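Peer 1: coordinates only, no sequence provided:
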């Protein structure tokens with residue numbers, strides 16, 4: 001079986017060392033996902049950048065959580081589902097929403113449920129939404145910027161979800177209670 005190294009700031013490729021140091025400063029640790037991605041400094045840098053950009057997007061914390069967890073669930077990511085559950089708790093996202101996303105049950109908020117359904121359709125249909133889907137999304141108060149920010153999130157999650165599938169990234173201890 002192909003194995004990947006969990007790099008640190010000391011043994012990572014030289015271009016990844018400052019990126020991992022930044023992860024340690026930001027999170028107080030180096031998440032195993034970042035440690036694996038350090039094999040490719042370009043991937044780690046791209047992932048970190050898309051994460052920052054999506055966090056600054058047109059969505060609030062609850063909406064970002066819906067988008068992230070919908071993509072993570074579709075890709076069946078063993079690492080990102082519990083990691084983003086922990087992140088959602090840390091952001092103060094309502095516990096009922098977090099649990100409903102984890103359980104795969106309909107969301108109580110119809111607008112968030114539509115966001116979930118639209119995200120899922122974007123992933124499944126590779127960006128192709130029907131005119132009715134686009135209009136329903138916009139009629140619910142979402143914007144064209146929201147649609148494009150969902151594409152940004154899909155790019156971010158493809159990087160992390162696929163990396164975790166390839167590397168069988170071990171779950172960090174801090175995320176284990178959320179698995």
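Peer 2: Okay, I see it. This structure is a prediction, so every number in the text was calculated from the model and none was measured. Numbering: from 1, shown residues only.
Peer 1: only C-alpha atoms from now on, for both contacts and neighbour counts.
Peer 2: Fine.
Peer 1: show me the protein divided up by domain.
Peer 2: For the chain, automatic domain parsing gives the domain ranges 7-56, 60-178.
Peer 1: name the nearest residue to residue 129, sequence neighbours excluded.
Peer 2: residue 122 (6.5 Å; Cα to Cα, 6 or more residues apart in numbering).
Peer 1: could you give the mean pLDDT of the helix or strand harbouring the one you found?
Peer 2: Per DSSP states H and E: residue 122 is located in helix 110-124. Average pLDDT, helix 110-124: 98.
Peer 1: and that helix, which residues are buried?
Peer 2: For helix 110-124, a neighbour-count test (16 or more other Cα atoms under 10 Å) marks 112-123 as buried.
Peer 1: kindly provide the distance from the residue nearest to residue 129 to residue 13.
Peer 2: To residue 13, residue 122 is 35 Å away according to Cα to Cα, to the nearest Å.
Peer 1: please apply the same query to residue 127.
Peer 2: Taking Cα to Cα, one finds residue 127 at 35 Å from residue 13.
Peer 1: report the two of the buried residues of helix 110-124 separated the most.
Peer 2: Within the buried residues of helix 110-124, 112 and 123 form the most distant pair, 16.6 Å apart (Cα to Cα).
Peer 1: rewinding a little: just checking, the residue nearest to residue 129 touches residue 130?
Peer 2: No - counting by Cα atoms under 8 Å, residue 122 stays clear of residue 130, with 10.1 Å between them.
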